[in-house]
Every structure is written in C-alpha cells, then in structure tokens.
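Student: Got a predicted structure here, sequence first:
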Amino acid sequence: MMPTANKPEFITLAVDCMGGDLGPSITLPACLQFLQEHPTAQLLLAGQLQALSHFSHPRAQIVEAQEVVEMHDSIEIALRRKKTSSMRIAIEQVRDGKAQAAISAGNTGALMAISRYVLKTLDGIDRPAIVGQMPNVKGGGTTMLDLGANVDCSPEDLLQFAVMGSALVSVLHGIKNPSVGLLNVGEEDIKGNENIKKTGDLLRSAANSGDLNFYGNVEGNDIFLGTTDLVVCDGFVGNVALKSIEGLAHMVSGFLKDSFSANIFTKIAGIIAYPVLSSFKKRVDHRRYNGAALLGLGGLVFKSHGSADALAFGTALNRAYDAASHDLLFQVQSKLTHAALSVN
C-alpha cells in the first residue's frame, strides 16, 4: 500500500474504547479530555453500544462493535473468530479512509496481527515494528525499536527499523537528522554476534549514502543517557528493556509509599530521599511516554499500555494525533524509497 501526502482540515482518530485492562472507564474520559484540548480533532469510538451510550460530543461518533478482544485472547481467536471486535472495527476505519490513525490499549499480539491483516505492510517492509520512547537523564525520551513485535530479526529487518524510526523521530520530535545507535554488548565494531556485526555494516553503508545518521554501537546504559536519538534492537531485547524501566518506576513508587508507613529510621530516610526520588519517579513515569507506534504498516496504528490510566491513554491519543497531522506514514514511505529499500 502506497500512502500519499494528506493534510485534512480535521484529524480523525479511531479509538478502540473496549481495549485494555479497564476499557471505557479509562478510554472515554481520556477521549473527552482530548477533544477539549484539540479543536481540530474528531474521534470514531469503536465499542459496544451499551458501554458507550452515555458518551456525547459533537466531534465524536460511535461505531458499533459486537465483540471485544480480551487481554488473554490468542491471536487465532482475535483474528479469525472475533471479526466484529472493537479493535478490528477501529483499524478498519483507517483502512477505509475514515480515520488517519487508530489507537488501542488491547492485546499487543492481537493488535499487531489484526493491523497487519487489515492494513498490510508498506512496500519493501518485511516486518512491522513497535516503536516507543524510553525516559533518559536529559529530561526527554530515547526512541527505541523494536519493543516486542519481532523476537528474531535479520540485519535487513534492523536496517528497515532504523530507517522507519529515523523518519518518526524527525516528524514527531523535530530532529532533522536523528542519530541512530545499534544496541550491542560494546561500542567497538568487533563486538556482538554475526547478526549484529552485519547489521552494523548495513547501517554504516546507509550512513555513507546519506540515508541515516549512524552513531555506531551503543550499550544498554546509553538508552537512559540519551546518547543517541534512536536505538535499534530486536524485539526480545527491546521488550526486556521496556519492562525493566516500568518495573523500576513501580519500585520507586512503592518505596515512596512505604517509607511513610514503616519504622522511624525508614521514615527519616524516606523524608531525606523524597525530593530526589519524586523527581526520578516523574522522569521515569511511563505514562509520559505512553503510545507506541506500529511502524511498517499501510496505516497508522498506536498501542497504549494495557494498564494505562486516563492520563496515559491521553498521551497515546496525542501521539497518534501528532503523527497523523504531520503525515508520518507518507514520511516513512518517502524515507524508505530514498534508501532504496522499497520494492515498489
């Protein structure tokens, strides 16, 4: 599927209102807040009528769905048996040109499978990837992919990820020539397995042709130091990194909560450390970085964390809106074509 540049007067997003751990109790308040903050946005709310009937806004329309993809549903059930699910209905709005992007907090595997089936992949892309942001010490975020869609990746896959990710960083974060790091066990070119070494060769070749700003190999700590704007890795490593930072954020939250209900020494330590830990908690708060793009598809799809609250889901809506309003899909395809990766 070949996208074309398109800047409509209104940006329309299709929302899977039933997805995630809490469904409409989270998605609907977030949608209302989003509409209040974005006067040029329209929403198509996919879900069961009974759950959405009380929602009303002049720039929102309910699109009925008969079924819900549960978080525990297998890909087979979600893709083959639940053909009228809210997740699928939302993605079909993008396919049919009624929405510029779709957002769901539902089952990640199901979302990727349905999105790939309904929207297909861009020309020249073998595997779509999940791309999101990780907090760094500079106060911003390091963009990273793949975050879990592809456990095993070839060097060619990783090169495609780098090209697509660069386009996203340029469009959404205003960085004209974002630096790209290849996640490895060391900075030297001789480090890593043969797959990573070959990937490094491909990225250096792309840099020589002007298609990438390849920094070189980076290590795990560089993600959080913000050494490069973009970090490329396979989905196994990326998902481990993502879950690690989420776990760290929960650990800090737990310490802040427990330090004031423990013994006197723990309370004193908590009082002393509270300002620093509170600042750190805010910095690593995954709600500020919620909303991962499924790149490589013939349409824009964004994945919200399944346990997202209204604030976090609103962040995902904002990311989807920014991507659609800045023609991210067209920019990704253009960069792929320029890098001679497209088989169009």
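Tutor: Cool, got the structure.
Student: Strands along this structure, start to end?
Tutor: 11-16, 41-47, 60-64, 101-104, 129-135, 141-145, 179-183, 213-218, 230-232, 292-295, 300-303 (DSSP state E).
Student: Just the pLDDT at the residue lying closest to Leu159 once chain neighbours are set aside, thanks.
Tutor: Ranked by Cβ to Cβ, 6 or more residues apart in numbering and with sequence neighbours excluded, the top spatial neighbour of Leu159 is Leu202, at 4.5 Å. All C-beta spots, glycine's among them, are computed from the backbone N, C-alpha and C. We have a pLDDT of 94 for Leu202.
Student: doesn't Ser154 make contact with Leu202?
Tutor: No: applying Cβ atoms under 8 Å as the test, Leu202 and Ser154 come out as separate, 9.9 Å apart.
Student: Looking at those two, which one has more neighbours?
Tutor: More crowded of Leu202 and Ser154, by other Cβ atoms under 10 Å: Leu202, with 19 against 16.
Student: residues contacting the more buried one?
Tutor: Residues near Leu202 by Cβ atoms under 8 Å, 6 or more residues apart in numbering: Pro155, Glu156, Leu158, Leu159.
Student: buried residues in stretch 144-151?
Tutor: Applying a neighbour-count criterion of 16 or more other Cβ atoms under 10 Å, one finds Met144, Leu145, Asp146, Leu147, Gly148, Ala149, Asn150 buried in stretch 144-151.
Student: Distance to Phe236 and pLDDT added to these, as CSV?
Tutor: CSV is the format used below for the buried residues of stretch 144-151 (distance: Cβ to Cβ, whole Å; pLDDT from 0 to 100):
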residue, distance to Phe236, pLDDT
Met144, 13, 94
Leu145, 13, 93
Asp146, 9, 92
Leu147, 10, 92
Gly148, 8, 88
Ala149, 11, 88
Asn150, 8, 89
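Student: For those residues, give me JSON lines that also has distance to Ala102.
Tutor: Below are the buried residues of stretch 144-151 laid out as JSON lines (distance: Cβ to Cβ, whole Å):
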{"residue": "Met144", "distance to Ala102": "22"}
{"residue": "Leu145", "distance to Ala102": "19"}
{"residue": "Asp146", "distance to Ala102": "19"}
{"residue": "Leu147", "distance to Ala102": "18"}
{"residue": "Gly148", "distance to Ala102": "18"}
{"residue": "Ala149", "distance to Ala102": "16"}
{"residue": "Asn150", "distance to Ala102": "20"}
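Student: Just give me the closest of the residues you listed to Val301.
Tutor: Checking the buried residues of stretch 144-151 against Val301 by Cβ to Cβ gives Ala149 as the nearest, at 11.4 Å.
Student: returning to that earlier point: out of the contacts of Leu202, which end up buried?
Tutor: The buried subset of the contacts of Leu202 (16+ other Cβ under 10 Å) comprises Pro155, Leu158, Leu159.
Student: so the first one sits right up against Thr199, yeah?
Tutor: Yes: using Cβ under 8 Å, Pro155 and Thr199 qualify as a contacting pair, with a distance of 4.1 Å.
Student: Need the pLDDT of Ile245.
Tutor: As predicted, Ile245 sits at a pLDDT of 72.
Student: so where is this structure shaky, pLDDT-wise?
Tutor: The model of the chain has pLDDT under 70 over residues 1-8, 246-287, 340-344.
Student: what is the residue most central in space within it paired to in the beta sheet?
Tutor: Nearest to the mean C-alpha position of the chain, by Cα atoms, centre = their mean, lies Ala292 at 0.7 Å. Residues in a beta bridge with Ala292, per DSSP bridges, are Lys303.
Student: OK, contacts around Leu242?
Tutor: With contact set as Cβ under 8 Å, 6+ apart, Leu242 has these partners: Gly132, Met134, Met144, Leu147, Gly148.
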